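In: A structural model of the following input is requested.
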Amino acid sequence: MKNEATERAKMPKGTSAVLDSRSLQNSYATLIPILKKGMRVLDVGCGTGAISAGIANVVGEEGYVVGIDSSDHLIAKGKADYAAISNLELIETDLFKYNPAEKFDLIVSARVLQWLSNPEEALLKFKDLLKPDGEISILDYNHTALEWKPAPPASMARFYKAFLNWRADAGMDNEIADHLAASFHQLGFHSITSLNANEVYKRGEESFIDKAGIWSKVAESRGLQMVEGGYITDEERMNAIADYNAWIADDAEWMMMKLNDIRAKI
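Out: From the prediction side, this is the model:
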């Protein structure tokens with residue numbers, strides 16, 4: 001199950017546009033108030049390092065940020081994109097094999113634990129990498145609480161249901177945003193808090209078509225894996241993309257993705 005989730009979580013080469021469009025301000029704003037100058041921060045599952053770079057700017061030259069990701073092509077792109085940021089280091093490695101010489105004041109992970117079949121093991125690894133009284137912030141989704149207005153085309157509704165099944169069959173938790181606080185408690189963390197960080201996109205906003213259109217991008221990339229696994233046909237995938245793009249262009253009013261920032265200390 002663990003290996004299956006790992007394989008399904010891999011982002012295909014050439015599909016980093018969604019990650020590149022993210023920033024600390026537009027994709028992890030709840031984190032900003034707890035960042036302090038001089039902090040040593042670990043960003044787990046950093047992708048191309050777009051959010052990591054923003055964190056590095058906030059903690060300043062006296063601070064240091066390490067971003068780790070298991071995808072070599074994402075790390076390579078991030079190293080090229082952010083080479084000028086001297087207090088940012090991006091490393092290709094597996095979380096469970098990462099053993100740095102120095103521990104961290106803060107560990108963050110945005111939209112990553114949703115792709116693991118063993119999130120509790122990851123939290124225990126985070127615990128081991130923290131300094132005394134260090135803090136963890138996990139930003140993640142409850143995919144079952146996604147809302148569209150009006151309802152999307154039937155073809156996309158079928159695709160989305162298949163997407164949730166594809167994830168669940170690999171052991172991924174589709175409701176992880178609402179389960180992490182209990183996991184922190186069971187693992188002995190304290191000062192556990194959860195902040196609402198829902199992503200709401202409304203027609204008329206500059207980024208609406210791009211942001212609400214994320215499910216076409218998912219169908220284009222993850223959908224290929226789902227076809228290979230027999231969860232949908234390629235015809236169904238292509239119909240979902242075409243119908244959803246037309247719906248976004250003409251009918252969609254808003255989309256809300258349920259997202260929580262869950263924090264805890266050791």
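
In: so the closest residue in space to residue 198 that isn't next to it in sequence, which of the three states?
Out: Excluding its sequence neighbours, the residue lying closest to residue 198 (CB to CB, 6 or more residues apart in numbering) is residue 259, at 5.3 Å. From N, CA and C alone the C-beta is placed, and that goes for glycine too. Of the three states, residue 259 takes strand according to DSSP: H, G, I helix; E, B strand; the rest coil.

In: Helices along the stretch 151-266 of the chain, start to end?
Out: Using DSSP state H, counting those that start in this stretch, the helices assigned to the stretch 151-266 of the chain run over residues 154-169, 180-186, 208-212, 214-228, 234-250.

In: could the ones you listed go into JSON lines alongside mean pLDDT and distance to residue 135?
Out: Formatted as JSON lines, these follow (pLDDT from 0 to 100; distance: least, CB to CB, whole Å):
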{"stretch": "helix 154-169", "mean pLDDT": "97", "distance to residue 135": "28"}
{"stretch": "helix 180-186", "mean pLDDT": "95", "distance to residue 135": "11"}
{"stretch": "helix 208-212", "mean pLDDT": "91", "distance to residue 135": "29"}
{"stretch": "helix 214-228", "mean pLDDT": "94", "distance to residue 135": "29"}
{"stretch": "helix 234-250", "mean pLDDT": "97", "distance to residue 135": "38"}
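
In: Nearest to residue 105, out of the ones you listed?
Out: Comparing the helices of the stretch 151-266 of the chain by their distance to residue 105 (CB to CB), the top pick is helix 180-186, with 17.8 Å.

In: what sits up against the closest one?
Out: Contact partners of helix 180-186, identified using CB atoms under 8 Å, 6 or more residues apart in numbering, comprise 113, 119-120, 123, 136, 138, 140, 192, 194, 260, 262, 264.

In: Ramachandran angles for the nearest residue to residue 246 once chain neighbours are set aside?
Out: Excluding the flanking residues, the one nearest residue 246 by CB to CB, 6+ apart is residue 153, at 7.7 Å. The phi/psi pair for residue 153 (degrees, to the nearest 10) reads phi -60, psi 150.

In: How many neighbouring residues does residue 153 have?
Out: Residue 153: 19 surrounding residues under other CB atoms under 10 Å.

In: With residue 104 as the reference, name the closest of the helices of the stretch 151-266 of the chain.
Out: That would be helix 180-186 among the helices of the stretch 151-266 of the chain, by CB to CB, at 17.0 Å.
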